[in-house]
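Novice: Just need the structure, nothing else, for what follows:
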Amino acid sequence: MQNIFRRRNPVRSATAVPRAAVPAPLYGLIGEFRDADALLHAAEAAEAAGFTKLDAFSPFPIEELAEKLGHKRDLLPAIVLTSGLAGAAGGFGLQWLTQVVDYPLVVFGRPPFPWPAYIPITFEMGILFAAFGAVFGMVLLNGLPQHYHPVFNAPNFDRASQDKFFLVVEANDPKFDINRTREFLLAQHATVINEVQQ
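Specialist: From the prediction side, this is the model:
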(Lines give C-alpha, C1' and ligand atoms only; values in the text may rest on other atoms or scores of the structure.)
Protein backbone atom coordinates (compact mmCIF):
# COMPACT_ATOMS: atom_id res chain seq x y z
CA MET A 1 0.00 0.00 0.00
CA GLN A 2 1.34 3.44 -0.93
CA ASN A 3 2.00 5.94 1.85
CA ILE A 4 -0.06 9.02 1.11
CA PHE A 5 1.15 10.91 4.17
CA ARG A 6 4.44 12.42 3.13
CA ARG A 7 6.46 14.89 5.11
CA ARG A 8 6.43 18.29 3.53
CA ASN A 9 9.53 19.44 5.43
CA PRO A 10 11.94 16.54 5.67
CA VAL A 11 14.26 16.55 8.68
CA ARG A 12 17.79 17.61 7.76
CA SER A 13 20.60 15.34 8.72
CA ALA A 14 22.74 16.20 11.70
CA THR A 15 25.77 16.52 9.43
CA ALA A 16 24.32 19.49 7.51
CA VAL A 17 26.78 22.38 7.33
CA PRO A 18 25.39 25.63 8.82
CA ARG A 19 25.57 28.82 6.84
CA ALA A 20 28.57 31.02 7.46
CA ALA A 21 27.86 33.80 9.94
CA VAL A 22 27.85 37.21 8.32
CA PRO A 23 30.28 39.47 10.20
CA ALA A 24 28.79 42.56 11.76
CA PRO A 25 29.72 45.86 10.10
CA LEU A 26 32.61 47.76 11.63
CA TYR A 27 31.68 50.64 13.93
CA GLY A 28 35.24 51.88 14.34
CA LEU A 29 38.51 51.50 16.22
CA ILE A 30 38.81 52.08 19.95
CA GLY A 31 42.10 52.91 21.60
CA GLU A 32 42.78 52.55 25.30
CA PHE A 33 45.00 55.15 26.99
CA ARG A 34 46.83 55.11 30.29
CA ASP A 35 45.54 58.41 31.75
CA ALA A 36 43.52 61.56 31.11
CA ASP A 37 46.46 63.54 29.71
CA ALA A 38 47.22 60.86 27.14
CA LEU A 39 43.56 60.78 26.08
CA LEU A 40 43.44 64.58 25.79
CA HIS A 41 46.62 64.67 23.69
CA ALA A 42 45.30 61.87 21.44
CA ALA A 43 42.00 63.71 20.91
CA GLU A 44 43.91 66.91 20.10
CA ALA A 45 46.10 65.07 17.60
CA ALA A 46 43.04 63.40 16.03
CA GLU A 47 41.39 66.79 15.56
CA ALA A 48 44.59 68.18 14.03
CA ALA A 49 44.79 65.15 11.72
CA GLY A 50 41.33 65.92 10.36
CA PHE A 51 39.21 63.23 12.03
CA THR A 52 35.67 64.45 12.65
CA LYS A 53 33.77 61.38 13.93
CA LEU A 54 35.34 60.95 17.35
CA ASP A 55 34.11 59.98 20.79
CA ALA A 56 35.88 59.62 24.12
CA PHE A 57 35.05 57.87 27.36
CA SER A 58 36.61 58.48 30.76
CA PRO A 59 35.68 57.88 34.40
CA PHE A 60 35.53 61.63 35.12
CA PRO A 61 35.03 64.84 33.10
CA ILE A 62 38.14 66.12 31.36
CA GLU A 63 38.36 69.84 30.74
CA GLU A 64 38.70 70.83 27.06
CA LEU A 65 37.99 67.28 25.83
CA ALA A 66 34.61 68.23 24.36
CA GLU A 67 36.20 70.97 22.24
CA LYS A 68 38.89 68.58 21.00
CA LEU A 69 36.19 66.12 19.91
CA GLY A 70 34.45 68.78 17.82
CA HIS A 71 31.58 69.62 20.17
CA LYS A 72 31.86 73.35 19.67
CA ARG A 73 28.40 74.48 20.71
CA ASP A 74 26.35 73.36 23.67
CA LEU A 75 22.58 73.72 23.30
CA LEU A 76 21.78 73.12 26.96
CA PRO A 77 22.10 76.77 28.11
CA ALA A 78 19.69 77.87 25.37
CA ILE A 79 17.23 75.14 26.37
CA VAL A 80 17.41 76.15 30.04
CA LEU A 81 16.97 79.86 29.23
CA THR A 82 14.03 79.22 26.91
CA SER A 83 12.35 76.91 29.42
CA GLY A 84 12.83 79.42 32.24
CA LEU A 85 11.43 82.33 30.23
CA ALA A 86 8.47 80.20 29.11
CA GLY A 87 7.74 79.21 32.72
CA ALA A 88 7.99 82.81 33.95
CA ALA A 89 5.74 84.05 31.16
CA GLY A 90 3.26 81.26 31.86
CA GLY A 91 3.19 82.00 35.59
CA PHE A 92 2.75 85.73 35.04
CA GLY A 93 0.12 85.19 32.36
CA LEU A 94 -1.88 82.75 34.48
CA GLN A 95 -2.02 85.24 37.36
CA TRP A 96 -3.02 88.06 35.04
CA LEU A 97 -5.71 85.92 33.39
CA THR A 98 -7.27 84.76 36.64
CA GLN A 99 -7.07 88.03 38.62
CA VAL A 100 -7.51 90.70 35.97
CA VAL A 101 -9.55 89.12 33.17
CA ASP A 102 -11.62 86.25 34.57
CA TYR A 103 -12.31 87.29 38.17
CA PRO A 104 -11.22 90.84 38.97
CA LEU A 105 -11.58 91.89 42.61
CA VAL A 106 -11.12 95.39 43.89
CA VAL A 107 -10.31 95.18 47.59
CA PHE A 108 -9.38 98.26 49.65
CA GLY A 109 -8.59 100.31 46.56
CA ARG A 110 -6.15 97.80 45.08
CA PRO A 111 -5.25 98.72 41.48
CA PRO A 112 -6.85 96.57 38.77
CA PHE A 113 -3.46 95.24 37.61
CA PRO A 114 -1.22 94.72 40.70
CA TRP A 115 1.83 93.37 38.87
CA PRO A 116 4.32 93.59 41.82
CA ALA A 117 2.29 90.93 43.61
CA TYR A 118 2.89 88.57 40.69
CA ILE A 119 6.71 88.64 40.97
CA PRO A 120 7.24 85.78 43.50
CA ILE A 121 5.17 83.23 41.57
CA THR A 122 6.63 84.42 38.26
CA PHE A 123 10.13 83.90 39.65
CA GLU A 124 9.29 80.46 41.07
CA MET A 125 7.70 79.28 37.81
CA GLY A 126 10.77 80.45 35.89
CA ILE A 127 13.08 78.48 38.19
CA LEU A 128 10.86 75.38 38.05
CA PHE A 129 10.66 75.29 34.26
CA ALA A 130 14.38 76.04 33.91
CA ALA A 131 15.12 73.04 36.14
CA PHE A 132 12.83 70.85 34.02
CA GLY A 133 14.54 72.12 30.87
CA ALA A 134 17.98 71.35 32.32
CA VAL A 135 17.10 67.79 33.30
CA PHE A 136 15.15 66.77 30.21
CA GLY A 137 17.47 68.69 27.87
CA MET A 138 20.52 66.93 29.33
CA VAL A 139 18.84 63.53 29.00
CA LEU A 140 17.82 64.13 25.38
CA LEU A 141 21.11 65.72 24.27
CA ASN A 142 23.05 62.81 25.77
CA GLY A 143 20.90 60.38 23.81
CA LEU A 144 19.53 58.73 26.93
CA PRO A 145 18.15 56.26 27.68
CA GLN A 146 20.55 54.24 25.54
CA HIS A 147 20.39 50.55 26.30
CA TYR A 148 22.95 49.52 23.68
CA HIS A 149 25.94 51.10 22.02
CA PRO A 150 28.54 49.33 19.85
CA VAL A 151 31.40 50.32 22.17
CA PHE A 152 29.85 48.09 24.85
CA ASN A 153 31.34 45.19 22.83
CA ALA A 154 34.92 46.45 23.28
CA PRO A 155 37.09 44.50 25.72
CA ASN A 156 37.59 46.23 29.08
CA PHE A 157 35.05 48.92 28.22
CA ASP A 158 33.25 48.26 31.49
CA ARG A 159 36.27 49.88 33.16
CA ALA A 160 35.54 53.21 31.43
CA SER A 161 33.56 54.21 34.51
CA GLN A 162 36.40 53.17 36.85
CA ASP A 163 39.98 53.71 35.64
CA LYS A 164 40.24 53.36 31.85
CA PHE A 165 40.32 56.03 29.11
CA PHE A 166 39.12 55.35 25.56
CA LEU A 167 39.13 57.19 22.23
CA VAL A 168 36.91 55.94 19.40
CA VAL A 169 37.40 56.78 15.73
CA GLU A 170 34.21 55.85 13.90
CA ALA A 171 34.31 53.97 10.60
CA ASN A 172 32.01 56.52 8.92
CA ASP A 173 34.65 59.21 9.31
CA PRO A 174 35.77 60.45 5.86
CA LYS A 175 39.45 59.95 6.80
CA PHE A 176 38.94 56.50 8.29
CA ASP A 177 41.17 53.75 6.94
CA ILE A 178 41.53 50.80 9.26
CA ASN A 179 45.29 50.40 8.85
CA ARG A 180 46.17 54.09 8.90
CA THR A 181 43.84 54.77 11.79
CA ARG A 182 45.39 51.91 13.74
CA GLU A 183 48.86 53.35 13.06
CA PHE A 184 47.64 56.78 14.13
CA LEU A 185 46.34 55.44 17.46
CA LEU A 186 49.60 53.55 18.01
CA ALA A 187 51.52 56.76 17.34
CA GLN A 188 49.44 58.43 20.08
CA HIS A 189 50.64 55.75 22.54
CA ALA A 190 47.41 53.78 22.81
CA THR A 191 48.11 50.77 25.01
CA VAL A 192 45.43 48.58 23.38
CA ILE A 193 43.56 49.00 20.07
CA ASN A 194 40.44 46.98 19.24
CA GLU A 195 37.97 46.83 16.41
CA VAL A 196 34.39 47.57 17.44
CA GLN A 197 31.57 45.83 15.58
CA GLN A 198 28.08 47.26 15.39
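Novice: hang on, isn't residue 27 packed against residue 176?
Specialist: No. Judged on Cβ atoms under 8 Å, residue 27 makes no contact with residue 176 at a distance of 10.7 Å. In this view, the C-beta of every residue, glycine as well, is placed from N, C-alpha and C.
Novice: Spit out the residues that contact the two alike.
Specialist: Taking Cβ atoms under 8 Å, 6 or more residues apart in numbering as the contact rule, residue 27 and residue 176 both touch residue 170.
Novice: who's in contact with the residue nearest to the spatial centre of the chain?
Specialist: Centroid check for the chain by Cα atoms, centre = their mean gives residue 142 as the closest residue, at 2.6 Å. Under the criterion of Cβ under 8 Å, 6+ apart, residue 142 has no contact partners.
Novice: where's it relative to residue 40, distance?
Specialist: 21 Å (Cβ to Cβ, to the nearest Å).
Novice: Name the nearest residue to residue 91, ignoring sequence neighbours.
Specialist: residue 125 (3.0 Å; Cβ to Cβ, 6 or more residues apart in numbering).
Novice: and the gap between that neighbour and residue 116?
Specialist: Residue 125 is 16 Å from residue 116, by Cβ to Cβ.
Novice: Looking at the two, which has the bigger crowd around it?
Specialist: Neighbours per residue, other Cβ atoms under 10 Å: of residue 125 and residue 116, the larger number sits with residue 125, 21 against 7.
Novice: Can you say which helix or strand has that one in it?
Specialist: Counting by DSSP states H and E, the element that carries residue 125 is helix 119-141.
Novice: gap between the next helix or strand after that helix and the chain center?
Specialist: Remark: after helix 119-141, the chain's next helix or strand is strand 165-170, criterion DSSP H and E. Taking Cα atoms, centre = their mean, to the nearest Å, one finds the center of strand 165-170 at 15 Å from the center of the full chain.
Novice: Likewise for stretch 138-152?
Specialist: 5 Å.
Novice: Would you work out how far apart the start and end of that stretch are?
Specialist: The straight-line separation of the ends of stretch 138-152 (Cα to Cα, to the nearest Å) is 22 Å.
Novice: related to what we said a few turns ago, wouldn't the residue nearest to residue 91 be in contact with residue 88 here?
Specialist: Yes. In this structure, residue 125 is within contact of residue 88 by Cβ under 8 Å, at 5.8 Å.
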